[in-house]
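**Q** only geometry, no sequence info:
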């Protein structure tokens, strides 16, 4: 066997973290984040090491470096800040540091009273090598040190072995000897802040008309923007706005056949008026759309479109590109199925077809089409029913050109599939939050999402409801359930969303027993919403969103911790800011009917609070202030009007 | 961005286990072992998958395959047997299984009473494709099935969708559509059994003379072999047998200077008579050595040599290859140091020297030299002070040529360094066992070694003593401590060893207080051992080794489990055989002075024992038999003569 290429590189670098699947996938960060990297680094023998992180935006050619410091048991850590949107690379480099080894040993020898004449020569030679590479004042200083080590008294030599200035000069100018570079370059996707911290508001444009009985338009949505902005949302998400198929069109409440005047389902995309690159004429024009986008921007809102890669039978693609669809043996196009269920109004694309390169390219161009019209945020429908390689290629390519894009995966599927989609490039994902209701389930699930490696690439977006999901809890829990689920979603996850008008107006009637479908769902018909209803949750939603905007602790998920309560109908957790200096404590009553009380148990020492002195908690929902003392504190929560505390925690008196 | 090469391969394969450092290193197994492989495997959508392990000896060109089966949550598992010595490769392959998907869906459609005419055509087409590839009787059977599916009644179609014979035919002849292959091929080093199950006996040949006052020889060692074989050891390990340096030779008890008649330290290798490829003339000739090796073989023993890559100042290498050693600025050769300590009798090699390829090649040739003389097992001295890339290259190359080689790493160093050496190719390693003495420390350490990923590549070898390690426990604990440490080493680890004569004869006097060095250590002088001493542990050692040979459960470490005892001076653990059908229970008194008693708590259900009925335990050390019932059972252990039980556990009456 031939000798190894880098036989003289003696340092080993192992177990670099974060690293997803051996570096196959990127970790995700937000512009301005600090990335902490750790690694096991060691060499044979007893020499001192120098260890550095090398990092760069992928568009830069030059690496930047920052020193790592030893923790214990051969583990090293370092950190750097990502300043630019887009992709970064990082890796670890380490080498035997001859000067540091010499310093350490010289002091031991001097302490032992040994003759160090020869050792001084060794050190002087190392300094001379750096001097040869140095310039300007540094070079002169190194020359001076070199002479002092060579010819000075032992006291001067000891000084050279301890002087921080000399060490810095040596770090700057020494050439690392036989550095080892970690075998992989790891990736970071750096997104804008909205990728992590966002509040989404979903509405059907066709239900946005102010007056009942009229088909809503994009102009109507534009007129709704001030109210949505007043609720302090960030993203307005619209279900598909394209022409709706007429063949096999579904009627009200998902009836197999629609009457001629029925509007159909927006996810049955495509008709004679056009497909994924067209707007349903009843909604308006491209000019209306572009006005909506720009008006939204002026309200600090952005418009998110829904991309659903499927076709109604009368979508133009079906006739123009029959090769993109699977055929049944009888020559008809294969409709969507989940046997024995049949969805004859929907034709899935055949991503494996012989002509897949053309199909994939066309599908990507749908994103590009809307990106060109100002859209930067997409909600992607059922991505888990399209091949993973497609998403990796499509999202990768789009993000390279537009690193500010955000993709929310509507991946209600098995956990590993959800996580894979996040790894492949989806920025955010829907989750199981809607069905996690007990204290134990919420604790377990949120801990998995925020305290494991999953947090490196998976950004949850918590939705209490969607047009497909009206949970039993909302059907039966009344107003306390809506308020509770809002507060849980908005505080457990830095990104969350509501399917707006039905949520504000406490819609709770299901299509049939044991169904999570809304009765008279907007998926199949137009509804009218009175935005001035006195029982609306608008004010309350606005208050919760304002608290989110004011508290950095609620804008990330890393600082989420659950705390023990002696009543399982109460849930207690806190969120800390990245810097660790700001903290919000949330206690939620999980009962719709009964006042629940108990003692919460807080990690005061971890929080830097003196357990023997009082500290102030201030409920941002009710403006109540309490003085607490010690880790155990009493809470009592009624279902009405606020089944939760959102408490600011501060040392000292309230 | 260009389209992905394998865009049509829809299956994802993730988190394959076992996998060490992203496949950088091999897992280790023994010939005949079953390897269990798991992986996360899934695809978009709802299709059925087929998943297989591909594996082969690296010398074979054809892969063998075995089907994996689903566990839960998208995890799959499969297994195969490694039959040949040397290196294997394995990986995972998976694809969308159209026939299995068709089967599953057809049954759902039939159950729902749907018309399946078109679906039958789809199935018939899949069968026809397999038929085209099939031959002989299989082809005829497939043609028959194809007709029945196409034209038969629904009952026949249902039969086709459930028939195991047809499924097997389809598995045999269908072409997998767009299979995904896991991105890495993983490695297995398959060793002979001795790599895992071995009892080592160390002795200094120069102390092997039967009569006192004479320099022992290899012939004397040969004469000792029947006694060592009677103790049922497997490996006889000799410290270096090469000429010993005279320059700076160490005297008795590590004195800085030796008197002219002193024999020096065997690890100060090399003198005018030769170096690493020579035998100290006082020990005998190459003919003596080869006779020793062949005589050992006839006793089912093998000879292990000690390879210490370092030189005495008068080693021929120093004059012949001064470029292989580091120079001090004063022109002298750099001796070994651990400042402020100096080891002027030892010159380390400079593995980074400009001429490193020649140095490395020469060092490897030392192994080859002794391999050519029949040695298959090496104990390597201080491998952690030589570069890791050297070991990876050297051991890798040697194992490729001689897959039966065994290397024991004398790596008393930090845990990650120890583990790295194991990953790089060392077969076994010394451990911290000597210093793990409390029940808690032993439990924690042995659990890490046997129940974590470490077990995939690190085979511990437990030594109660070595020529460098006479622990405080042995210095002060008397005979109970020796017996206890022997039993712990021999039962906790499938490989163990003793530094024989001093252990048998209960040597316990240290050179000075707080030292682990033996007084009058054999490292620096000749000692005479009377093998007929009445207080010798020989008989006892023989009994323990015989129990090890009779019990498969003691020949591996995977089945090690610790069990609760209500007395912390007792340690209770069991070992199960790989098949899980044989079990040994060990209880050890950790106290040298006092009888300890308590209740052990056993996992009877896991062991398949009825908690309401009695079961038999048989102490193999004392031949005592007990009838136990239920999980809690009383034990009482005196320090003498046996501070431990080694119990066979069997259902039914004793």
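**A** Thanks, I have the structure now. The structure presented is a predicted model; accordingly, all values stated were derived computationally and were not measured.
**Q** Name the nearest residue to the most centrally placed residue in chain A, sequence neighbours excluded.
**A** Closest to where the C-alpha atoms of chain A average out (CA atoms, centre = their mean) is residue A:459, at 2.9 Å. Nearest non-adjacent residue to residue A:459, counting by CB to CB, 6 or more residues apart in numbering or on different chains: residue A:428, 4.6 Å away. Using the backbone N, CA and C atoms, a C-beta is placed for each residue, glycine as well.
**Q** what do you get for residue A:544?
**A** Of all residues not flanking residue A:544 in the chain, residue A:490 sits nearest, at 4.9 Å (CB to CB, 6+ apart).
**Q** Sketch out the helices for the stretch 51-200 of chain A, chain order is fine.
**A** Ranges of helices within the stretch 51-200 of chain A are A:98-111, A:117-133, A:136-151, A:154-162, A:164-173, based on DSSP state H, counting those that start in this stretch.
**Q** List phi and psi for residue A:34.
**A** Dihedral angles of residue A:34 (phi, psi; degrees, to the nearest 10) stand at phi -100, psi 130.
**Q** Next, work out how far apart it and chain B are.
**A** Residue A:34 sits at a distance of 26 Å from chain B (criterion: CB to the nearest CB, to the nearest Å).
**Q** OK, contacts around the residue nearest to the centre of chain A?
**A** A:28, A:195-196, A:422, A:427-429, A:494-495, A:557 (CB atoms under 8 Å, 6 or more residues apart in numbering or on different chains).
**Q** Now do the same for the residue nearest to residue A:459: its pLDDT.
**A** pLDDT, residue A:428: 98.
**Q** Please apply the same query to residue A:654.
**A** According to the model, residue A:654 scores 41 on pLDDT.
**Q** Skip ahead from the longest helix along chain A and say which helix or strand is next.
**A** The longest helix of chain A (DSSP state H) is helix A:472-492. Sequence-wise, the next helix or strand downstream of helix A:472-492 (DSSP states H and E) is strand A:495-499.
**Q** now that following strand, how far from the centre of its chain.
**A** 14 Å (CA atoms, centre = their mean, to the nearest Å).
**Q** Which SSE is immediately downstream of it?
**A** Using DSSP H and E, the helix or strand that follows strand A:495-499 in sequence is helix A:500-504.
**Q** just curious, which of the contacts of residue A:459 is nearest to chain B?
**A** residue A:422 (12.8 Å; CB to the nearest CB).
**Q** So which residues make contact with the helix or strand harbouring the closest one?
**A** When elements are assigned from DSSP H and E, residue A:422 belongs to helix A:415-424. For helix A:415-424, contacts defined as CB under 8 Å, 6+ apart pick out A:20-21, A:24-25, A:383-384, A:388, A:391-392, A:395, A:409, A:411, A:429, A:431, A:454, A:457-459, B:12, B:14, B:40, B:42, B:44, B:73-74.
**Q** coming back round to it: from what I can see the residue nearest to residue A:459 touches residue A:195, true?
**A** Yes: Residue A:428 lies in contact with residue A:195 (CB atoms under 8 Å); the separation is 6.8 Å.
**Q** ok and the residue in the stretch 401-550 of chain A nearest chain B?
**A** For the stretch 401-550 of chain A, CB to the nearest CB, closest residue to chain B: residue A:416, 4.7 Å.
**Q** list the contacts for residue A:576?
**A** Here residue A:576 is in contact with A:553, A:559, A:561, A:582-583 (CB under 8 Å, 6+ apart).
**Q** do residue A:230 as well
**A** A:538, A:542.
**Q** Distance check, the residue sitting furthest away from the middle of chain A against chain B.
**A** When each C-alpha in chain A is compared with the mean C-alpha position (CA atoms, centre = their mean), residue A:115 comes out farthest, at 60.0 Å. Distance, residue A:115 to chain B, using CB to the nearest CB: 11 Å.
**Q** coming back round to it: got the buried residues for the longest helix of chain A?
**A** Within helix A:472-492, the residues that qualify as buried are A:472-475, A:477, A:479-492, counting by 16 or more other CB atoms under 10 Å in any protein chain shown.
**Q** likewise stretch A:285-301?
**A** Residues of stretch A:285-301 classed as buried: A:288-289, A:292-293, A:295-296, A:299, A:301 (neighbour count, 16+ other CB under 10 Å).
**Q** what sits against residue A:429?
**A** Neighbouring residues of residue A:429 by CB under 8 Å, 6+ apart: A:408-409, A:411, A:418, A:421-422, A:458-461.
**Q** what's the neighbour count on the residue of the stretch 151-300 of chain A found nearest chain B?
**A** Nearest residue of the stretch 151-300 of chain A to chain B: residue A:178, at 6.6 Å (CB to the nearest CB). Counted with other CB atoms under 10 Å in any protein chain shown, residues neighbouring residue A:178 total 14.
**Q** list the contacts for it?
**A** Contact analysis of residue A:178 by CB under 8 Å, 6+ apart lists A:6, A:8-10, A:95-96, B:352.
**Q** Cheers, nothing more for now.
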